[in-house]
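Enquirer: got a predicted structure here, sequence first:
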Amino acid sequence: MDDYPLLNLFWTMLWLFVWVMWFFLLFKVVTDIFRDHSLNGWERAAWLVLVLLLPYIGVFIYLIFRGRSMGEREVKQVKEQEAAFQQYVRKAAGPSASPVDELHKLSALKDKGDISQEEFDRAKQKLLV
C-alpha cells in the first residue's frame with residue numbers, strides 16, 4: 001500500500017468521477033439534440049458533428065446556446081410521462097363508483113344491519129364532502 005498514497009487514491013477517484021460525469025453530460029446533450037423537434041435535419045447534423053468531433057467545445061457551446069430550452073424540454077417530457085402514468089392508473093383502476101352508487105351500497109349495509117346508523121352517517125358525510 002506504500003506504492004500508492006492515500007492522496008493519489010483520492011485524486012484518482014476524483015478524476016474517475018469527473019470522467020463519468022463528462023460522459024453523462026455528453027450523452028444528455030446528444031439525447032437532447034434528437035429530442036428537440038424545433039431543429040431540422042441539417043441543424044441536428046451540425047450540432048451532432050460539433051459535439052462529436054470537438055466534444056468539450058461542442059458541449060459547452062451547446063449548453064450556452066441551448067441550455068435553457070434543454071431544461072424546458074426535460075420538464076415537458078417529465079410532465080408528459082406523469083400524465084401518461086396517471087392516465088394508465090385511472091384506466092387500470094377501472095371506472096370509479098359514483099357517490100350515488102356508494103350511498104346505495106351504504107344504505108343496503110345499514111338495512112342488513114352490517115353497519116349502525118352512526119357509521120352510516122359518518123360514511124355518508126365523507127362521501128358528500
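Expert: Received it, and whenever you're ready, just let me know what you need.

Enquirer: residues touching residue 30, list them.
Expert: 48, 51-52 (C-beta atoms under 8 Å, 6 or more residues apart in numbering). For the C-beta atoms, the positions are set from N, CA and C on the backbone; glycine is no exception.

Enquirer: swap the cut-off to 10 Å and go again
Expert: 47-48, 51-52, 59, 62 (C-beta atoms under 10 Å, 6 or more residues apart in numbering).

Enquirer: likewise for residue 101?
Expert: Applying C-beta under 10 Å, 6+ apart to residue 101 gives the contacts residue 127.

Enquirer: any regions of the protein where pLDDT drops low?
Expert: 1-2, 94-97 (pLDDT under 70).

Enquirer: just the buried subset of the contacts of residue 30, written out for PyMOL, thanks.
Expert: A single PyMOL command is used to select the members of the contacts of residue 30 judged buried by 16 or more other C-beta atoms under 10 Å:
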select buried, resi 47+48+51+59+62
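
Enquirer: would you list the contacts of residue 30 in JSON lines and tack on distance to residue 86 and secondary structure?
Expert: Shown next, in JSON lines, are the contacts of residue 30 (distance: C-beta to C-beta, whole Å; DSSP: H, G, I helix; E, B strand; the rest coil):
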{"residue": "47", "distance to residue 86": "34", "secondary structure": "helix"}
{"residue": "48", "distance to residue 86": "34", "secondary structure": "helix"}
{"residue": "51", "distance to residue 86": "35", "secondary structure": "helix"}
{"residue": "52", "distance to residue 86": "38", "secondary structure": "helix"}
{"residue": "59", "distance to residue 86": "34", "secondary structure": "helix"}
{"residue": "62", "distance to residue 86": "33", "secondary structure": "helix"}
